[in-house]
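Trainee: Return a 3D structure for these sequence lines:
(chains A, B, C and D, ligands or ions: 4)
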Amino acid sequence: MSTAVGNTIVSLPDQSTAQLPKRHYINNEYGLLSWLLTEDHKRIALLYLFSVTFFFFIGGAFAGLIRLELLTPQPDLVAADTYNKFFTMHGLIMIFLFLVPSIPGVLGNFLIPLMIGARDLAFPKLNLLSWYVYMAGGTLTLAALVLGGVDTGWTFTTPLSTHYLNTHVITAAMAIFITGFSSILTGINFIVTIHRMRCPGMTWFRMPLFLWAHYAASLLMVLGTPVLATTLVLVALERLFGIGIFDPAKGGDPLLFQHLFWFYSHPAVYIMILPGMGVISEVISTCSRKRIFGYTAVAFSSVAIALFGFFVWEHHMFIMGVSSYSALVFSLLTMLVAVPSAIKIFNWAFTLQKGSITFETPMLYCFGFMGLFTIGGLTGVFLGSLGMDIHLTETYFVVAHFHFVMVGGGLMAFLAGIHFWWPKMTGRMYPETISKLAAVTTFIGFNLTFLPQFVLGYLGLPRRYAAYPPEFQVLNVLSTAGATVLGFGYMLPMLYLVWSLKYGAIAGSNPWQATGLEWQIASPPPTENFAEIPIMDHEVYDYEWLANKTKKEVTTVG
Amino acid sequence: MTDQATHAHVNDLEHAEHRIVTPLQYFFVYIAMLALTALTCAAAFIDLKWANAVIAVGIACTQAAIGALFFMHAAFQSRLIKLTIGAGVFMFLVMVTMTMSDYISRSWGMW
Amino acid sequence: MDSALATTDPADLHAEQEHGHVSLPQHRHHFETVEQQREAGSFGMWLFLLTEIMFFGGMFLAYLLYRNWYYPAFVVGSNQLSVRIGTFNTMVLITSGFCMAIGVWAAEVRKRSLLTAMLVTTTLLGVLFLSLKYDEYHEKYELHHIPGNNFNVSMFTNPAGYGIKEAPLPPDMAQKTQVFFFLYFAMTGMHALHMIIGLGILCWLIPRARRGDFSSGYVAPVENFALYWHFIDVVWLFLYPLLYLINRHPMH
Amino acid sequence: MGLSPVLWQFLVNWLHNATLFPAEASTIAPYTDALYFFLVLMTIFGTTLVAVLVVVFSARYSRQRSPVATQIEGSTLLETTWTIIPLAIFLVVYVWGALLYFRIYNPPTNAMNIYIVGKQWMWKAEHPGGQHEIDALHVPLGQPVQLTMISQDVFHSFSVPDFRIKREVIPGRYSTVWFEATKVGRYHLFCSQYCGTQHSGMVGWITVMTPEDYKTWLEQSTSGQSLAQNGERLYASMGCNSCHNGTAAARGPDLAGVYGSKLTLTDGRQILVDDAYLRDAILNPSAHVTAGYAAIMPTYQGQLSEDGLIDLVEFIKNMQSDYRVQQTLVTAASGESAPTTPPQAAGER
Ligand code: HEA
Ligand code: HEA
Ligand code: CUA
Ligand SMILES: [Cu+2]
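Mentor: Ligands and ions are numbered 1, 2, ... in the order given. Sure thing, here's the model as predicted:
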């Protein structure tokens, strides 16, 4: 791109004239079966949207119960064993049934084919299958819950889980095992699609960053998840037959379990955050009408995070009696893996520079993400630092850290993405004012909930405590108050997004004037996505191309 | 200016010509596999101290390589597929070596 | 410079959509070309095998660790396995792999009956393997060598009593044979499970092959299944020396 | 003021307890806090930086002020800057953290030793003098204390926030941690690794006393028998002395003074005998056979509790000569009751 043509004017379209296309993927077919047997990636995305939201609120309800119980120092709302089941369910559901499949399942499914100019993912049947597998895993998790719950904590720590608990550990382990396959299938599908289905002209470096992020996350899913599967199989077998591969009394080593579990579960945290980072890239670029600052750096940092993410798992075991020398190595690698995230944050910040910024709701969520993820990530560096981790590990500091990255990062990105692509998915706009209110509410509520937990953690309050010494009450009350606000913040989008399905303003094909291919077709898109396979004849995030294009024509073929 | 030939798909990295392996070639591979099996079995009955394990694993790796290259056609696949296999082996090795780095350097007194 | 997104000939596309005479009936609409579809399929299969490497990898890691810790127990446990059956089974699997490879070739050169024959042979060999495996398992069951509450180590602490020429293990080490047998059952069990799934797919492929579904240039299912089958063989090629051949020479 | 009493109480409560940092009650605490402050500063710096960038750019380049965006490719210089600077900061954190780690986990040589056994859901402390405590630990001021810890069942974690120390207590293996208290007082002891139903009930108090008070306390709470004495009894009753008695005919090696020495094993490895090794030698003798001996020692797995093992370890540690062992042997022989090697029962379960 030459410097002469450095400026772009892209004006937002006049939405009052926008119309819904006559036929699109939603009204193409009717009836429940047409949804349950669909192979259309867009419909499957909606299936994911419903189920993921469902599980989020179940997980959220458990969060509410946790916070209620922690309002007072004594275990007076529920007994300790019930509390233990609460946080186990909360963790399992939020991680495996909500955050891991959320952005890939909903936004990835919907957008990957659209963004690369394909008619569908490479394996549509597999895609549907992966939703069913996910639902099977989810159902089994709920079964474990209904049958009486599990209280292992989401980490299934042995030998506790294998020999000392009499709750439904095997059911839960199998549920997660099954859910893992859904993740694997999604990952395979995405990788093949991104390699094989790109439209003519869509080179790797013309791909939107959303795709790079999903590509990296898919690599993690494909390489990491099977190890979790092995681990859970071994746990189930050990529990079933009373053998001791993880039990020191019988010659096994519980640390081997930790190694295997975290070999998956550390990369899993990047499975959760990378797709979110992809969302942020798209939204920031669009809302500041400017190409991403340092596209290549952002793209490669995704891959770097995925790669290095595999080398740091031992930082979850620093005080568990691992060798100090290998702890040294893993701590160093942890420091290295933090750097690509920093690169991304600064590149996004500098994308704003000299842009032409508007502050729609998705953008507000992005700002929330940047602030909160920075805090969450930097506190991760506390934990990666060997000596510091001794004091902080297994305390509320860790809880605060991962909620900052997962809720402040992952969930905020998910909401940003849902709002951003809502017009594309449904053809209608969400109501702007109230959604801004929701964004601000969640931000405030979030900080009120989790900032006190950092202090609690440094004071030494261990996590997974149903009861705690009274001097910690004040901070806990603050946190519960925050959670209430947060809960409201999350209820709001539920309500107004549903409302908007009927009453929202018609969006038109490209309400944000974004450059992605998905915005060049009707909203909601037709079942075939593209009447003709597009040709990518311009750079990604090319707002000049868009300006020229919009000058010439108003609507695209639908 | 849009040139159909600058199709994103033309780089060789991702594609390979389809090649059909003849039954005779398969047969040679088959014999080699059987021979290696016999060899590894025989080697196990000779006391070679630590080398026994190395030989066993070495032969298994050779067999696996032959199997992957010819039976599974990896030899005639695109670089992409080769890379995929490499990635699997690499990650496996990372898992093993990094986990073992903990066990080996732990002064547990068992090693 | 034309900025519109479309240039492909729409006529082509329509013909394809209404699946007229264009290409094969198996060609799915969202792929542009058959070649693309085939490559996507095989790449997907390879990625799946990648996950399988990691899946078995976890167990190999456990094996490596415990073998180093409890080497004597592993030796003794390993010597309980029958080299004869193990070696024979290895050959069986290699042969089945060979047949499968010939099968793929048959599909590619469109020899319908050869393909069917090869698939059937592969199936039979697979069944043979599994029945021998069952035999081995059954023997272990009778000897109380299945880890768990009924596990019995007396054979290892007192081999002479069983007519086995082997140095007795100290009791603490003898206990560790349970770890060996656990890994043995977990690894070969998972391997067998994969084979059973493979046999299931074979049973689905055979009638289709007989109908001639794969003898007209559309070989992807056979090809991809073959990849899976070969992969299982490869896993076995590691299991065999690691489990059966740890130390077959008498201990000094 | 119109404040409801509940709210008022809450406020008062807050003001009384508005601590942001735990007490600094050990020699390690200041070191940990120093790193913590550095990290907090780093976080504030980083977050402020990001926030300032976002706010300033948002204000300056909002659509009203900047209707036209300028497309910028990127800037290698800038990007290198924000790669190198965070990396440098993180590396400082790394080195600092690593130094702290070794400070916390490497005990000084003059530390006194106390044994801790964790089990669902209580802490048992065993002083060398034989004083036992449940969910409590009394320690003297200004004296390095090393804890040798083990769990009887699942993972637990011994955490004393006011000392900034914590270490996992794992089954099957000793782990250690040390501290030197610097302030008299009572401090929380938490189990911080999730260990089942009553995990949050597995708490206790560390009481730091002046050395004089500690001495008095020790004298008052003694149970009569020191750990080593208990161990001596076990040594005789489990029949250890039938092989380890230092006589010429002994089938097992002489254990007097073995603690702290370097042993050569049959496979040529050299091993330092520490608490963990002693424990393991009793439970898994054949895993490391001392050169010159046959692997005949039976395993005591399942026959000795962790407390018993601690007693034995403590006894062997303090065993300077075989004199008393031989004495017990003589008495035992007279009654013809020296237990022989337990038969294979242990192995055959
Ligand atoms: C989305 C999920 C997610 C993400 C992205 C991360 C990211 C990181 N995490 Fe986190 N982590 C979890 C989820 C996540 N984590 C969870 C769930 C647990 C607990 C599991 C359990 O036990 O239950 C955990 C636990 C955990 C631990 C173990 C704690 C313990 O149990 O003792 C550690 C230790 O190293 C750690 C470190 C890190 C680091 C270094 C990063 C890095 O990737 C962060 C990188 C980001 C940044 C560094 C911010 C951006 C930087 C800047 C803007 C630069 C600032 C400027 C200057 C310094 C000048 N995490
Ligand atoms: C994506 C992951 C994710 C998300 C989104 C959340 C969201 C929240 N989490 Fe969670 N959390 C985890 C992942 C997540 N968490 C994990 C992995 C653990 C560790 C588990 C373990 O230790 O094993 C954990 C543990 C954990 C703890 C520590 C428990 C303990 O160690 O004892 C706490 C305590 O405050 C907590 C609180 C919250 C809160 C207040 C929210 C809020 O953001 C949620 C807000 C949402 C709602 C409140 C739902 C909307 C409202 C309704 C459905 C109405 C009903 C509401 C009520 C009944 C009040 N979480
Ligand atoms: Cu013991 Cu928690
Ligand atoms: Cu981690």
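Trainee: Now do the closest residue in space to residue A:99 that isn't next to it in sequence against residue A:112, distance only.
Mentor: Nearest in space to residue A:99, with sequence neighbours left out and distances taken as CB to CB, 6 or more residues apart in numbering or on different chains, is residue A:272 at 4.6 Å. Heads up, the C-betas are built off the backbone N, CA and C, glycines and all. As judged by CB to CB, to the nearest Å, residue A:272 and residue A:112 stand 18 Å apart.
Trainee: The helix or strand hosting the residue nearest to residue A:99 packs against which elements?
Mentor: In the assignment (DSSP states H and E), residue A:272 maps to helix A:254-288. Packing partners of helix A:254-288 (3 or more CB pairs under 8 Å, 6 or more residues apart in numbering or on different chains; DSSP states H and E): helix A:100-101, helix A:209-241, helix A:295-308, helix A:324-352, helix A:361-384, helix A:412-426, helix B:79-105, helix C:34-69.
Trainee: what angle separates that helix from helix B:79-105?
Mentor: Helix A:254-288 runs at 130 degrees relative to helix B:79-105, counting by axes from the mean of the first three to the mean of the last three CA atoms, to 10 degrees.
Trainee: Next, give phi and psi for residue C:163.
Mentor: Torsion angles at residue C:163 (phi, psi; degrees, to the nearest 10) stand at phi 70, psi 30.
Trainee: That one - how many residues pack around it?
Mentor: Neighbours of residue C:163 under the rule other CB atoms under 10 Å in any protein chain shown: 6.
Trainee: what do you get for residue C:211?
Mentor: Residues near residue C:211, counting by other CB under 10 Å: 11.
Trainee: Now do the same contact list for residue 237.
Mentor: Picking chain A for this. A:243, C:182, C:186 (CB atoms under 8 Å, 6 or more residues apart in numbering or on different chains).
Trainee: That was the other one, I meant chain C.
Mentor: So residue C:237 contacts B:60, B:63-64, B:67, C:90, C:93 (CB under 8 Å, 6+ apart).
Trainee: hmm, 6 Å instead?
Mentor: With contacts defined as CB atoms under 6 Å, 6 or more residues apart in numbering or on different chains, the neighbours of residue C:237 are B:60, B:63-64.
Trainee: Same question for residue A:40.
Mentor: For residue A:40, the contacting residues are A:25, A:527, by CB under 6 Å, 6+ apart.
Trainee: May I ask you to confirm that residue A:156 belongs to a strand?
Mentor: No - Residue A:156: not assigned to a strand; according to DSSP: H, G, I helix; E, B strand; the rest coil it is coil.
Trainee: Show me the shaky parts of the chain.
Mentor: You didn't say which chain, so I picked chain A. Within chain A, the segments meeting pLDDT under 70 span A:1-16, A:550-558.
Trainee: wait, chain D
Mentor: Scanning chain D for pLDDT under 70 picks out the ranges D:1-4, D:7-18, D:323-349.
Trainee: What are the boundaries of the strands in it?
Mentor: Assigned by DSSP state E, chain D shows strands spanning D:69-70, D:112-119, D:122-126, D:132-134, D:136-140, D:145-151, D:156-160, D:165-169, D:175-179, D:185-191, D:204-209, D:262-264, D:270-272.
Trainee: which parts of the last one are buried?
Mentor: By neighbour count, with 16 or more other CB atoms under 10 Å in any protein chain shown as the criterion, the buried positions of strand D:270-272 are residue D:271.
Trainee: which helices and strands does that strand pack with?
Mentor: In terms of contacts (3 or more CB pairs under 6 Å, 6 or more residues apart in numbering or on different chains; DSSP states H and E), strand D:270-272 is packed against strand D:262-264.
Trainee: Got the phi and psi for the nearest residue to residue C:202 once chain neighbours are set aside?
Mentor: Counting by CB to CB, 6+ apart, the nearest residue to residue C:202 once its immediate chain neighbours are dropped is residue C:123, at 4.7 Å. With angles defined as degrees, to the nearest 10, residue C:123 sits at phi -60, psi -50.
Trainee: Please tell me I have it right and residue C:123 contacts residue C:201.
Mentor: No - in this structure, residue C:123 is not within contact of residue C:201 by CB atoms under 6 Å, at 10.0 Å.
Trainee: between those two, which one's more packed in?
Mentor: Applying other CB under 10 Å to residue C:123 and residue C:201 shows that residue C:123 carries more neighbours, namely 19 against 14.
Trainee: For the more buried one, give its distance to residue C:206.
Mentor: Distance, residue C:123 to residue C:206, using CB to CB: 7 Å.
Trainee: count of neighbours near the closest residue to ligand 2 within chain D?
Mentor: The minimum distance from chain D to ligand 2, using CB to the nearest ligand atom, falls at residue D:194 (7.0 Å). For residue D:194, the count of nearby residues is 25 (other CB under 10 Å).
Trainee: list the contacts for it?
Mentor: A:153, A:464.
Trainee: Confirm for me that residue A:301 is in contact with residue A:343.
Mentor: Yes - taking CB under 6 Å as the definition, residue A:301 is a contact partner of residue A:343 at 4.8 Å.
Trainee: Of those two, give the one with the bigger neighbour count.
Mentor: residue A:301 (27 against 22).
Trainee: Could you find the closest non-adjacent residue to that one?
Mentor: Leaving aside its chain neighbours, residue A:301 sits nearest to residue A:340 (3.6 Å; criterion: CB to CB, 6+ apart).
Trainee: same check, this time on residue C:96
Mentor: With CB to CB, 6+ apart, the residue lying closest to residue C:96 is residue C:125, at 3.7 Å.
Trainee: quick one: that neighbour and ligand 1, what's the gap?
Mentor: As judged by CB to the nearest ligand atom, to the nearest Å, residue C:125 and ligand 1 stand 46 Å apart.
Trainee: does that residue really touch residue C:94, like I thought?
Mentor: No - the criterion here is CB under 6 Å, and residue C:125 misses it with residue C:94 at 9.5 Å.
Trainee: Compare these two (neighbour count), which wins?
Mentor: More crowded of residue C:125 and residue C:94, by other CB under 10 Å: residue C:94, with 25 against 21.
Trainee: show me what contacts the more buried one?
Mentor: Neighbours of residue C:94 in contact, by CB under 6 Å, 6+ apart: residue B:33.
Trainee: can you tell me the helix or strand for it?
Mentor: helix C:83-108.
Trainee: for that helix, which positions count as buried?
Mentor: So for helix C:83-108, counting by 16+ other CB under 10 Å, buried means C:83, C:85-87, C:89-108.
Trainee: Where does pLDDT dip in chain B?
Mentor: B:1-19, B:107-111.
Trainee: coming back round to it: would you mind giving the helices and strands packed on helix A:254-288 as JSON lines with distance to ligand 1 added?
Mentor: Below are these laid out as JSON lines (distance: least, CB to the nearest ligand atom, whole Å):
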{"stretch": "helix A:100-101", "distance to ligand 1": "10"}
{"stretch": "helix A:209-241", "distance to ligand 1": "11"}
{"stretch": "helix A:295-308", "distance to ligand 1": "7"}
{"stretch": "helix A:324-352", "distance to ligand 1": "3"}
{"stretch": "helix A:361-384", "distance to ligand 1": "2"}
{"stretch": "helix A:412-426", "distance to ligand 1": "10"}
{"stretch": "helix B:79-105", "distance to ligand 1": "15"}
{"stretch": "helix C:34-69", "distance to ligand 1": "20"}
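Trainee: Chain B: helices as residue ranges?
Mentor: B:23-44, B:51-66, B:79-105 (DSSP state H).
Trainee: would you put the C-alpha positions of the shortest one in PDB?
Mentor: So that's helix B:51-66. Output of helix B:51-66 as PDB, limited to C-alpha atoms (Å, rounded to 0.1, in the frame of the first residue of the first chain):
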ATOM      1  CA  ALA B  51      21.400 -51.900  24.000                       C
ATOM      2  CA  ASN B  52      18.400 -54.300  24.000                       C
ATOM      3  CA  ALA B  53      16.000 -51.600  24.600                       C
ATOM      4  CA  VAL B  54      17.600 -49.300  22.100                       C
ATOM      5  CA  ILE B  55      17.600 -51.900  19.400                       C
ATOM      6  CA  ALA B  56      13.900 -52.800  20.100                       C
ATOM      7  CA  VAL B  57      12.800 -49.200  20.000                       C
ATOM      8  CA  GLY B  58      15.000 -48.500  17.000                       C
ATOM      9  CA  ILE B  59      13.600 -51.400  15.000                       C
ATOM     10  CA  ALA B  60      10.100 -50.400  16.000                       C
ATOM     11  CA  CYS B  61      10.700 -46.900  14.800                       C
ATOM     12  CA  THR B  62      12.100 -48.200  11.500                       C
ATOM     13  CA  GLN B  63       9.100 -50.400  11.100                       C
ATOM     14  CA  ALA B  64       6.800 -47.500  11.900                       C
ATOM     15  CA  ALA B  65       8.600 -45.300   9.400                       C
ATOM     16  CA  ILE B  66       8.400 -47.800   6.700                       C
END
